[in-house]
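**Q** missing the sequence, but the structure's below:
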């Protein structure tokens with residue numbers, strides 16, 4: 001079966017963790033757009049005004065009518081912060097972040113305001129800028145609009161880093177899923193934004209005069225951002241800095257097990273985007289993933305460099321990267337004999353006879369190590385933890401950045417969808433939940449507050465032993481109507497799935513199946529988890 005180009009190129013399911021929302025030309029909204037209004041806050045931190053939007057504009061022109069986004073309570077002002085941070089190897093660099101400020105006469109839009117530190121999803125677009133809310137020419141617009149409307153327009157101060165390697169950052173790569181760097185980058189952005197708020201208030205800056213940082217800190221993110229959220233919470237906890245609550249969604253937390261599953265044959269949608277980002281970032285951190293990129297990538301793709309100023313689809317058309325195929329379709333290397341080609345989405349797009357990304361001998365060496373040193377998640381009665389002593393350098397790096405074993409002590413909401421073809425739910429969220437439940441069983445007096453939601457109940461008949469809502473520790477005491485929220489979110493999700501399938505093929509044919517796969521991660525689960533996250537954060541969390 002030939003895989004249509006639209007399966008990956010035109011409908012990237014994970015990239016940016018972004019909604020493929022129809023953005024009309026009217027989305028080029030009228031804002032202040034005062035890009036030259038740059039103000040120096042310190043020698044290393046600057047801020048400039050980008051745009052502003054009224055509640056009416058947010059409600060009518062952001063293209064979010066299918067996402068259960070509530071009516072905007074506040075106008076918002078968008079600033080861009082430039083700050084100093086570090087790269088994967090600890091080298092000094094710079095990065096930028098969006099700072100979204102609520103404004104207006106409502107009590108929800110002034111005075112003490114909570115801060116949302118938001119981590120965005122994977123993107124290959126170097127120009128990705130979360131400060132470009134409402135700007136349909138920037139690839140961040142869908143995700144940025146979603147968060148602006150769901151949080152800033154509801155009264156949150158939003159800090160959303162673009163990450164090192166993107167936008168105006170001088171770093172020539174991105175430290176993708178390097179936990180230490182990504183969490184440090186997030187904290188650097190947060191500290192810079194908070195210093196700006198404090199200094200601008202003292203200077204009676206009009207954008208800041210009516211709002212205060214309440215001290216409440218919420219952290220959320222989707223896809224890559226879900227992973228970064230968990231890593232950032234771990235860092236802040238280690239630094240003994242208070243976090244009110246976190247909501248990681250659809251993240252690759254069990255990075256080592258996830259890598260093993262892919263290399264052993266179950267290739268995810270978006271694979272040829274993620275592999276260069278991951279390989280280059282880990283090489284910068286550890287220096288031993290490859291001697292040259294042609295050690296890991298096919299020679300014709302050895303110059304692959306992501307993120308890029310060239311859109312991914314154009315890179316594919318120019319022969320710079322394959323569409324999605326990660327591995328050779330029929331390898332002769334005996335170390336790969338007998339491996340499964342994975343699920344249907346993997347079979348359709350994960351392999352090619354000649355046009356694939358990862359060299360077969362590199363893959364075979366990795367797989368051989370999984371056989372000698374298996375991950376604890378894959379073993380019968382295993383401990384669900386990474387392999388104790390992997391020998392392959394890539395597996396060692398993935399283990400070092402695997403988040404299994406971390407148990408959040410702040411109120412936590414973990415969200416995802418079990419049929420995700422991009423970030424596998426059972427491998428990642430499922431393994432984290434098992435380990436957290438094991439920790440509770442060992443230490444029943446430990447004060448944990450963790451809620452886990454699978455937004456997808458459509459296939460519950462196929463998973464009779466699996467619950468879509470899991471309450472751990474003190475989460476049952478949370479003052480929100482969790483069952484009502486879950487019902488609403490899951491119903492909205494099911495309706496969205498039906499619409500996607502019906503629009504593609506009302507008879508339920510191949511087109512409906514492809515639409516379901518390609519839209520599942522970024523277009524279906526993302527807004528559902530955003531809706532649930534907003535409801536979770538709206539509780540009045542009390543110290544325990």
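**A** Yes, it's here. Everything numeric in this text was worked out from a predicted model, so none of it was measured. Residues are numbered from 1 along each chain as shown.
**Q** buried stuff in stretch 100-107?
**A** Neighbour-count burial for stretch 100-107, counted by 16 or more other Cβ atoms under 10 Å, picks out 100, 101, 102, 103, 104. Bear in mind the C-beta positions are built from the backbone N, C-alpha and C, glycine included.
**Q** report the secondary structure state of residue 77.
**A** Here residue 77 is strand, with the state taken from DSSP: H, G, I helix; E, B strand; the rest coil.
**Q** any idea what it is bridged to?
**A** Beta-bridge partners recorded for residue 77 (DSSP bridges): residue 52, residue 101.
**Q** do you know how far it is from residue 101?
**A** 5 Å (Cβ to Cβ, to the nearest Å).
**Q** identify the contacts common to those two.
**A** Residues touching both residue 77 and residue 101 (Cβ atoms under 8 Å, 6 or more residues apart in numbering) are residue 207.
**Q** related to what we said a few turns ago, and which of the buried residues of stretch 100-107 is nearest to residue 341?
**A** Ranked by distance to residue 341 (Cβ to Cβ), the buried residues of stretch 100-107 are led by residue 100 at 44.0 Å.
**Q** what pLDDT does that closest one get?
**A** Looking at residue 100, its pLDDT is 98.
**Q** quick one: contacts for it?
**A** Counting by Cβ under 8 Å, 6+ apart, residue 100 makes contact with 76-79, 133, 147-148, 151-152, 156-160.
**Q** which residues touch residue 271?
**A** Residues near residue 271 by Cβ under 8 Å, 6+ apart: 262, 324, 325, 326, 350, 357.
**Q** so how far is residue 122 from it?
**A** For residue 271, the distance to residue 122 (Cβ to Cβ) stands at 11 Å.
**Q** cool, residue 413 as well?
**A** Counting by Cβ to Cβ, the separation of residue 413 from residue 122 is 21 Å.
**Q** out of those two, which sits in the more crowded spot?
**A** Neighbours per residue (other Cβ atoms under 10 Å) separate residue 413 from residue 122, with residue 122 holding more: 31 against 26.
**Q** in a helix, that's where that one is, yeah?
**A** No - checked against three-state DSSP, residue 122 lies outside a helix; its state is coil.
**Q** not counting sequence-adjacent ones, nearest residue to it?
**A** In this structure, residue 122 finds its nearest non-sequential neighbour in residue 224, 4.3 Å apart by Cβ to Cβ, 6 or more residues apart in numbering.
**Q** the one you found: neighbour count?
**A** By other Cβ under 10 Å, 28 other residues sit near residue 224.
**Q** so what's it up against?
**A** Contacts of residue 224 (Cβ under 8 Å, 6+ apart): 17, 119, 120, 121, 122, 176, 177, 251, 252.
**Q** drop anything exposed from those.
**A** By neighbour count, with 16+ other Cβ under 10 Å, the contacts of residue 224 hold 17, 119, 120, 121, 122, 176, 177, 251, 252 as buried.
**Q** relative to residue 166, which of these is nearest.
**A** Closest to residue 166, out of all of the buried ones among the contacts of residue 224 and judged by Cβ to Cβ, is residue 120, at 9.2 Å.
**Q** my guess is that closest one contacts residue 140. True?
**A** Yes - assessed by Cβ atoms under 8 Å, residue 120 is found in contact with residue 140 at 7.2 Å.
**Q** please point out which parts of the host helix or strand of residue 500 sit buried.
**A** If you go by DSSP states H and E, residue 500 is part of helix 482-504. Going by neighbour count (16+ other Cβ under 10 Å), the buried part of helix 482-504 is 482, 485-486, 488-490, 492-494, 496-497, 500-501, 504.
**Q** which helices and strands does that helix pack with?
**A** With contacts taken as 3 or more Cβ pairs under 8 Å, 6 or more residues apart in numbering; DSSP states H and E, helix 482-504 sits against strand 449-454, strand 469-473, helix 510-519, helix 526-537.
**Q** what about the longest one, average pLDDT?
**A** The pLDDT scores in helix 526-537 average 97.
**Q** now do the helix or strand residue 216 falls within and helix 526-537, the angle between them.
**A** Applying DSSP H and E as the criterion places residue 216 in strand 211-222. Strand 211-222 and helix 526-537 meet at an angle of 140 degrees, taking axes from the mean of the first three to the mean of the last three Cα atoms, to 10 degrees as the criterion.
**Q** what's the neighbour count on residue 381?
**A** Counted by other Cβ under 10 Å, the residues lying close to residue 381 total 5.
**Q** look up how far residue 168 lies from it.
**A** Using Cβ to Cβ, residue 381 is found at 51 Å from residue 168.
**Q** check residue 83 too.
**A** 11 Å.
**Q** need the residues touching each of these two.
**A** What both residue 83 and residue 168 touch, as defined by Cβ under 8 Å, 6+ apart, is the set 94, 96.
**Q** quick check: residue 127 touching residue 135?
**A** No - using Cβ under 8 Å as the test, residue 127 is too far from residue 135 to be in contact (10.9 Å).
**Q** compare the two (neighbour count), which wins?
**A** Comparing residue 127 with residue 135 by other Cβ under 10 Å, the one with more neighbours is residue 135, at 22 against 18.
**Q** show me what contacts residue 504?
**A** When contacts are counted by Cβ under 8 Å, 6+ apart, residue 504 touches 511, 512, 514, 515, 516.
**Q** can you redo those residues as JSON lines with distance to residue 92, neighbour count and pLDDT?
**A** Formatted as JSON lines, the contacts of residue 504 follow (distance: Cβ to Cβ, whole Å; neighbours: other Cβ atoms under 10 Å; pLDDT from 0 to 100):
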{"residue": "511", "distance to residue 92": "50", "neighbour count": "16", "pLDDT": "95"}
{"residue": "512", "distance to residue 92": "50", "neighbour count": "19", "pLDDT": "96"}
{"residue": "514", "distance to residue 92": "45", "neighbour count": "22", "pLDDT": "94"}
{"residue": "515", "distance to residue 92": "45", "neighbour count": "22", "pLDDT": "96"}
{"residue": "516", "distance to residue 92": "45", "neighbour count": "19", "pLDDT": "97"}
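**Q** reformat those residues as CSV; add distance to residue 428.
**A** Listed next are these as CSV, based on distance: Cβ to Cβ, whole Å:
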residue, distance to residue 428
511, 29
512, 26
514, 23
515, 24
516, 20
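**Q** all strands of the chain, in order?
**A** Using DSSP state E, the strands found in the chain span residues 38-40, 46-53, 75-86, 92-103, 111-119, 157-161, 211-222, 245-249, 327-328, 351-352, 412-416, 449-454, 469-473.
**Q** reformat the helices and strands packed on helix 482-504 as a markdown table; add distance to residue 387.
**A** Output for the helices and strands packed on helix 482-504, formatted as a markdown table (distance: least, Cβ to Cβ, whole Å):
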| stretch | distance to residue 387 |
| --- | --- |
| strand 449-454 | 25 |
| strand 469-473 | 26 |
| helix 510-519 | 30 |
| helix 526-537 | 30 |
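**Q** to residue 49, which of these lies closest?
**A** For residue 49, the closest of those is helix 526-537, at 26.0 Å, according to Cβ to Cβ.
**Q** tell me the pLDDT at residue 541?
**A** Among the per-residue scores, residue 541 holds a pLDDT of 84.
**Q** my read: it touches residue 411, true?
**A** Yes - using Cβ under 8 Å, residue 541 makes contact with residue 411 at a distance of 5.7 Å.
**Q** of these two, who's got more company?
**A** Legend: neighbour count by other Cβ under 10 Å for residue 541 and residue 411, higher for residue 411 (25 against 18).
**Q** my guess is residue 112 meets residue 212, correct?
**A** Yes - shown here, residue 112 and residue 212 form a contact pair, counting by Cβ under 8 Å, at 5.0 Å.
**Q** and those two? Which one has more around it.
**A** Ranked by neighbour count (other Cβ under 10 Å), residue 112 and residue 212 place residue 212 first, with 15 against 11.
**Q** how close does the more buried one get to residue 113?
**A** 7 Å.
**Q** and for residue 217?
**A** Per Cβ to Cβ, residue 217 is found 11 Å from residue 113.
**Q** next one: residue 299
**A** To residue 113, residue 299 is 53 Å away according to Cβ to Cβ.
**Q** higher neighbour count, those two?
**A** Neighbours per residue (other Cβ under 10 Å) separate residue 299 from residue 113, with residue 113 holding more: 23 against 9.
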